[in-house]
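Trainee: 3D model of this:
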Amino acid sequence: MKTRKHEVAGVPGENGLILMEPENNFARVEIQTEDQMTGEPQHHEMPTTNAQSYHKSMAGPCFSQLCGSPNPQAARYVYGFIFLLTNLLAWMIRDFGHNALAELKHLKGCQGGHDCLGTEGVLRVSLGCFIFYFIMFFTTVGSTKVHESRDSWHSGWWPLKSFMWITLMVVPLFVPSAFIQFYGEVARFGAGIFLIIQLISLIKFITWWNDYWLSDKNADECRTLAITMSTAAYAASLTGIILMYIWYAPRPSCVLNIFFITWTLILLPVITTISLHSKVNASLMTSGLMGLYLVFLCWSALRSEPAAEKCNTRSQATGRGDWITIISFIIAMLAIVIATFSTGIDSKSFQFQQDEVEEGDDVPYSYGFFHFIFSTGAMYFGMLLIGWNLHQTMQKWSIDVGWISTWVKIVNEWLAAVLFIWTLIAPLVWKKRTNGETTANT
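Mentor: Alright, predicted model coming up:
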């Protein structure tokens, strides 16, 4: 058949002209072609939903994701990009914004004088970012279906939200210094919540990864990979322990660092023994990956010690703008955004009912949880850029440096070990408790 072109409203299809007439909740799709033998036009009608007709009329995926109806999958990357921009703005104000902030007279009362302006600048940007994402959390929490108005607000209205973000970056500059100090105290608590949620998400991911590889379906194909991964994790953990003793405990007088490293070394066989217990019956892969993460947290804590510490031979707080320092800083900034993003889309790890059946019109992820994580993440990046100390002067190109940062990471390491061990033994505790209640009732 040949295709005849007509000057009518429609969409060109592969076999002719597709005409669409909305009719209640459906559209009448008419394919008009020309018979090759008689030359007479032929009409073929095919009922289809408006949504199907709309998507068929889109010329390519770009329109449907960016230019057409709101897309929640694409929206989360936009929010991540906004979060990255906010991080960069806070860093620029901290390292290069002293002259601009010094012109604001209301900041003269900042404790610590001129040097405190950088810290206050970070907190002001952090406050604006927190308000932005908390507004989004408040207006999208409870969204369940894609056809709700809250879905459209989450995935669209970008000009309005861009204006709101810019406004919230400017308004905190005029907030009294006393309130900014109060927000800094609150931000410590909010950043702690973010770290706990991140730990839970990480442990859930490690458990899921192990269960997926060693499931009955994938055990034969992935068993070798799991063994290789476990061996590599334990080897890397032991290598990290040895290097930390060399770099951060070069002399017997480095008692605190020796304690941190030795305690991490003790935790490795503890979590391994519990994982391999006959009643727990976990695997070396879960304990190996978790042990590697504990070693990483310990190394990160030791690296955050002030540069003046004699035991810290690998300090990151040099203040120099060499390429190694700059690259390390950029990687750290990206890690903040990636950690926030990956935790924000992992709402399923925090569902009380894991066996809920998903329907076709359900939202792809929890919008409220997503924005809540980003709001606490705003507090978290604020704390990292000021070293968790509201009255500390940070060196340029440094992030998360100082004794408070060191202790936060050490406590985070110990908490990670406790949460992981509880994840292993919790089923046994609940099972024993349930059996005890059943026996008592009997």
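Trainee: which stretches of the chain have low pLDDT?
Mentor: The chain contains residues with pLDDT under 70 at 1-70, 98-117, 314-325, 347-360, 432-442.
Trainee: okay, now the domains of it?
Mentor: If you go by automatic domain parsing, the domain ranges for the chain are 1-55, 67-347+363-429.
Trainee: could I get the ones you listed as a markdown table with mean neighbour count?
Mentor: Just so you know, the C-beta spots here come from the backbone N, C-alpha and C atoms, and that holds for glycine as well. Output for those, formatted as a markdown table (neighbours: other C-beta atoms under 10 Å):
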| stretch | mean neighbour count |
| --- | --- |
| domain 1-55 | 13 |
| domain 67-347+363-429 | 18 |
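Trainee: Tyr130: what's it in contact with?
Mentor: Rather than Tyr, residue 130 is Phe. The contact partners of Phe130, by C-beta atoms under 8 Å, 6 or more residues apart in numbering, come to 187, 190, 375, 378-379.
Trainee: can you flag which of those residues belong to strands?
Mentor: Using DSSP state E, no member of the contacts of Phe130 falls within strands.
Trainee: just flag the most distant two among those.
Mentor: Maximum pairwise distance in the contacts of Phe130, criterion C-beta to C-beta, is 10.7 Å, between Ala187 and Ser375.
Trainee: hang on, the earlier thing: which ones among the contacts of Phe130 are found in helices?
Mentor: Using DSSP state H, the members of the contacts of Phe130 that fall within helices are 187, 190, 375, 378-379.
Trainee: would you turn those residues into a markdown table with distance to Glu120?
Mentor: Below are the ones in helices among the contacts of Phe130 laid out as a markdown table (distance: C-beta to C-beta, whole Å):
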| residue | distance to Glu120 |
| --- | --- |
| Ala187 | 12 |
| Gly190 | 18 |
| Ser375 | 20 |
| Ala378 | 16 |
| Met379 | 15 |
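Trainee: who's in contact with Tyr248?
Mentor: Contacts for Tyr248 were tallied using C-beta under 8 Å, 6+ apart; they are 254, 257, 261, 302, 305, 311-314.
Trainee: could you check how far it is from Phe260?
Mentor: 8 Å (C-beta to C-beta, to the nearest Å).
Trainee: please identify every residue contacting each of the two.
Mentor: Shared contacts of Tyr248 and Phe260, defined by C-beta under 8 Å, 6+ apart, are found at Leu302.
Trainee: can you give me the helices for the stretch 301-442 of the chain?
Mentor: 323-344, 367-386, 403-441 (DSSP state H, counting those that start in this stretch).
Trainee: of all the ones you listed, which one is nearest Ser230?
Mentor: Ser230 lies closest to helix 403-441 among the helices of the stretch 301-442 of the chain, at 15.4 Å (C-beta to C-beta).
Trainee: sorry, back to before: possible to save the helices of the stretch 301-442 of the chain as TSV with distance to Thr86?
Mentor: Shown next, in TSV, are the helices of the stretch 301-442 of the chain (distance: least, C-beta to C-beta, whole Å):
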stretch	distance to Thr86
helix 323-344	10
helix 367-386	7
helix 403-441	20
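Trainee: so which of the ones you listed comes closest to Val270?
Mentor: Of all the helices of the stretch 301-442 of the chain, helix 403-441 comes closest under C-beta to C-beta, at 7.7 Å.
Trainee: tilt between the closest one and helix 367-386?
Mentor: 140 degrees (axes from the mean of the first three to the mean of the last three C-alpha atoms, to 10 degrees).
Trainee: show me what helix 403-441 is packed up against.
Mentor: Secondary-structure packing of helix 403-441 (3 or more C-beta pairs under 8 Å, 6 or more residues apart in numbering; DSSP states H and E): helix 177-213, helix 255-275, helix 284-303.
Trainee: out of the ones you listed, which gets nearest to Ile227?
Mentor: Evaluated over those, closeness to Ile227 peaks at helix 284-303, with 7.8 Å, by C-beta to C-beta.
Trainee: next one: the closest one to chain centre, how far?
Mentor: 19 Å (C-alpha atoms, centre = their mean, to the nearest Å).
Trainee: how about stretch 397-417?
Mentor: Using C-alpha atoms, centre = their mean, the offset of stretch 397-417 from its chain centre is 19 Å.
Trainee: for the remainder of this discussion, apply numbering that starts at 116.
Mentor: Got it, first residue is 116 now, which makes that one stretch 512-532.
Trainee: just give the nearest non-adjacent residue to Phe487, would you?
Mentor: Phe252 (4.8 Å; C-beta to C-beta, 6 or more residues apart in numbering).
Trainee: now do Trp206
Mentor: In space, and not counting its chain neighbours, Trp206 is closest to Leu500: 6.3 Å by C-beta to C-beta, 6+ apart.
Trainee: equivalent analysis for Asp515, please.
Mentor: With C-beta to C-beta, 6+ apart, the residue lying closest to Asp515 is Leu499, at 4.4 Å.
Trainee: separation between the one you found and Phe375?
Mentor: 20 Å.
Trainee: kindly report the same for Val395.
Mentor: Here the criterion is C-beta to C-beta. By it, Val395 lies 27 Å from Phe375.
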